[in-house]
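*Asks:* Below: sequence and its predicted model.
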Amino acid sequence: MDFNAKIPDGPIEDKWTGHLESIRLVGPRNRPKYKIIVVGSGLSGGATAASLAAMGYKVNCFCFQDSPRRAHSIAAQGGINAAKNYRNDGDSVFRLFMDTQKGGDYRAREANVYRLAQCSTGIIDQAVAQGVPFAREYGGMLANRSFGGVLVQRTFYCRGETGQQLLLGANSSLAEQIRNGGVKMHTRSEMMDLVVVDGRTRGIVYRDLVTGEVRSESADAVVLATGGYCNVYFLSTNAKGCNVTAIWRAYKRGAAMANPNFVQIHPTCIPASGDHQAKLTLMSESLRNDGRIWVPKNQDDQRKPSDIPEEDRYYYLEERYPRFGNLVPRDVAARNAKDVCDSGMGVGSTGYGVYLDFCDAIHEQGEKAVNAKYANLFEMYERITSDDPRHTPMRIYPAPHYTMGGLWVDYNLMTTIPGLFAVGEANFSDHGANRLGASSLMQCLADGYFVLPATIGDYLSRHPSAEISADDQHFKAVEHEVRDRLLKLMSIKGNRSASSLHRQLGKLMIDHCGISRNQQGLEEALRKIPQMKEEFGSQLSVPGSDDQVNQALEHAGRLSDFYDFAELMCRDALHRDESCGCHFREEHQTAEGEALRNDEKFANVSAWQYRGEDNEAELYQESLEFEAAPLAQRNYKT
Amino acid sequence: MKLHLRIWRQKDGSSPGQFGEYDLDGVRDEMSFLEMLDVLNEQLIDGGEEPVAFDSDCREGVCGMCSLVINGKAHGPLAGTTTCQLYMRHFNEGDVVTIEPWRSSAFPVLRDLIVDRSAFDRIMQAGGYVTLHSGPKPEPNSIPIEPEVAEQALDAATCIGCGACVAACPNGSAMLYTAAKVSHLGLLPQGQPERYGRVKKMVDQMDQEGFGACRNYAECEAQCPKEISINFISQMNRDYLKATLSEPVDRRSKMSSQ
Ligand code: SF4
Ligand code: FES
């Protein structure tokens, strides 16, 4: 198996430009002869499909929602980073690169990260040209805000809906290409499997979610832009439909899965209020700038939080981390919240919540000033919980938010199956073991607008376009497998919904492969997942038929892949016997409880290769080089 | 709390529908409306009955996927709120809650509460974009934009494309949605070159899709979860009038001849 990342030679700042100049191209006359499938219509998928079609390729784009505009990129709130240095505060491509590498705790590939930083500025230009209404200063220049533990102001934003506006921009370009006939859009269509013929990716099998039909689409190359897999935890900030199926099916057809255990847990979300909870809502991290985090010192304190006097409150972050206090990085904040709740000090109906209190801020700055900063967030919180955070402290708890792991890709964003590419959150490439705030939108659009449209030509030019019919026997065989799988799910006829089974898996995963992990817990999870899968196989209920809209069947199909994927996640977490970024192995921490990396053994990417139903996945390693940004230990205490 | 639910059930687009009646116990204040339906569905599925099909995805009020006419109001009784952000504390013990899909001939029902809103996408495809390729673009600060203008454009661009405006309108008009899309680009300098052609094409597409005419009921604005202002409709009408007075000529085929 080929694990050569194909990183171009030369100094880091010249790698991408040099690559662009030497890469093979497909001429404008030949492009319309190539068919490309893009699965997913979010920032990375929408941008990819629109960019490729504008170049002349014939694109088929798929999404399971009813419109490409609904992909979950739309929910990103905060902003997008770009090394524009508009604030004259010393920002540069190199600094953005360094911040991303450091944030990722040195578990990302330098060349990719540098390229990402290089592409960042062009994204803003592209988005503005599309009509994305970024915030402006009075003089009409673009405004910036600070974001997530960096020393420069480089984040561009549209109120609290930057994701929606950037997606509408990509979506408008996609609409243009649909109009021109360059893109054929397939909505309410879910990819069910990948078709590989003679070692090359030749198309997908998908299900029409309205009629239930299972069909195929053939192509010269397939791009997966199917997002992350946080819903393995059932409760996460992801949309209800987000799932692992597309990349998991690709994995089973031979694409390696890299670092699947790397999941970012966002520290400030609204806690679950009970078993009915369907998903968790994120509250912007900026709240930690003014809010103080605490729990009552006495577990049984029944008083209203505002009646609890100072001396009975435990401001655990301020006490444990005097220098950064409430502004410690995401993973440190998340871990500490879990820690105090596990020890029984948590608040709220489930005991899994901590207070985020604005009393002191209001006291010092006045209600008006605090309101001006957070009014929309306060309103959102009040809408959900009916508490006004100006008077009652907010309750928050960490929630899975973003997955850094994903399909392994080389520098050209190609997976280990020739002709299969992965972009955006679906690949593993740029964020290492933890993602910096406001960097996900940047990566999706860099991949979609600039990187993939260039690199895919290198593959296509080596493989003359060749029509393969979707009636070909290879496609028919995979369609058959897909139908069998669906019928199997329908025939279990048990008495439990996919939701209740999914919730059970989610609980296991968050307990053992979530905010913090240890060998014993991971081994236990690895024992229990197969049992749960068996329960699924005997207790699942999917009423109705498969030739109509059947949301229970959709959920069951996605869940069945989550079981297998969860196993691989735990195996990966178990194997990575170090702590790094979001991956905190309790066995590896400093005396102060900080993550302790083991660079000698684990300065690498774990890439897992499927070896059949009855065998364990095989592990390959891509070692990482640190030339431009030498390794350094993180320290947020002093 | 205990509720009585009257929910529209319809097998598919070609079958007739009718209301199903359900008593649901154990509804809690802190459930969202969709979580309440999730609970109902879990009970139905556990008992081997077909669950109620409804659309949702983000569940945080931004994707525009959720819908539902609740007791006669699109997205329910609360102003400025999508169904997924509506909480059960706004209902009372013993309430009868009637839940229907968007009703509009341009949004045919696919199943139960799910409708086909692809007409909205076709309006976008008719002209809701700035024609461009991906690649190097001018430095954005070379075209300063007054913050007020950018904010107004964003006020329009905040539309989540949910379709409540159509469901709320006695005429089933899609003017608010189309106006929001037209105005977003029409306000910005980047949208100027195609401004009049765009409004013409989008409005014509809207008419072709079979949406009703606007009679100024203003129900769209009242029930829009993002509180999009109907002033955008008058802006669009002005642009449309201008566009029809001096019908823009599409020269594209001539321009690219060699
Ligand atoms: S204008 Fe309002 S109601 Fe209509 S689609 Fe947009 S957000 Fe929904
Ligand atoms: S589910 Fe996304 S807006 Fe309601």
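*Replies:* Perfect, thanks for sending it. Residues are numbered from 1 along each chain as shown, chains lettered A, B, ... in the order given. Ligands and ions are numbered 1, 2, ... in the order given.
*Asks:* low pLDDT regions in the stretch 101-250 of chain B?
*Replies:* Along the stretch 101-250 of chain B, segments meeting pLDDT under 70 span B:248.
*Asks:* For ligand 2, what's its nearest residue on it.
*Replies:* The nearest approach of the stretch 101-250 of chain B to ligand 2 comes at residue B:160, 6.0 Å away (C-beta to the nearest ligand atom). All C-beta spots, glycine's among them, are computed from the backbone N, C-alpha and C.
*Asks:* Kindly report the same for the stretch 451-600 of chain A.
*Replies:* Closest point on the stretch 451-600 of chain A to ligand 2, by C-beta to the nearest ligand atom, is residue A:551, at 13.6 Å.
*Asks:* Tell me the residues on the stretch 1-150 of chain A that lie near ligand 1, please.
*Replies:* Within reach of ligand 1 by C-beta under 6 Å from any ligand atom, the stretch 1-150 of chain A has no residues at all.
*Asks:* Quick one: the strands in the stretch 1-150 of chain A, in order.
*Replies:* Secondary structure of the stretch 1-150 of chain A (DSSP state E, counting those that start in this stretch): strands located at A:35-39, A:58-62, A:80-81.
*Asks:* other SSEs contacting the second one?
*Replies:* Applying 3 or more C-beta pairs under 8 Å, 6 or more residues apart in numbering or on different chains; DSSP states H and E, one finds that strand A:58-62 makes contact with strand A:35-39, helix A:43-55, strand A:183-186, strand A:189-197.
*Asks:* before we move on, the earlier item: quick one: the residue of the stretch 451-600 of chain A closest to ligand 2 and residue A:188, what's the gap?
*Replies:* According to C-beta to C-beta, to the nearest Å, residue A:551 and residue A:188 sit 11 Å apart.
*Asks:* Between these two, which has more neighbouring residues?
*Replies:* residue A:551 (25 against 21; other C-beta atoms under 10 Å in any protein chain shown).
*Asks:* Report the secondary structure state of the nearest residue to that one once chain neighbours are set aside.
*Replies:* Sequence neighbours aside, residue B:53 is the residue nearest to residue A:551 in space, at 5.6 Å (criterion: C-beta to C-beta, 6 or more residues apart in numbering or on different chains). Secondary structure, DSSP: H, G, I helix; E, B strand; the rest coil: residue B:53 is coil.
*Asks:* And residue A:620, by the same measure?
*Replies:* Following three-state DSSP, we place residue A:620 in the strand state.
*Asks:* Name the residues linked to it by a beta bridge.
*Replies:* Assessed by DSSP bridges, residue A:620 has beta-bridge partners residue A:607.
*Asks:* can you map out the strands along the stretch 401-550 of chain A?
*Replies:* Here the stretch 401-550 of chain A has its strands, by DSSP E, counting those that start in this stretch, at A:406-407, A:420-422.
*Asks:* contact partners of the last one?
*Replies:* It refers to strand A:420-422. The contact list for strand A:420-422 (C-beta atoms under 8 Å, 6 or more residues apart in numbering or on different chains) reads A:194, A:196, A:201, A:221-225, A:247, A:250, A:255, A:406-407, A:409, A:412-415, A:452, A:455-456.
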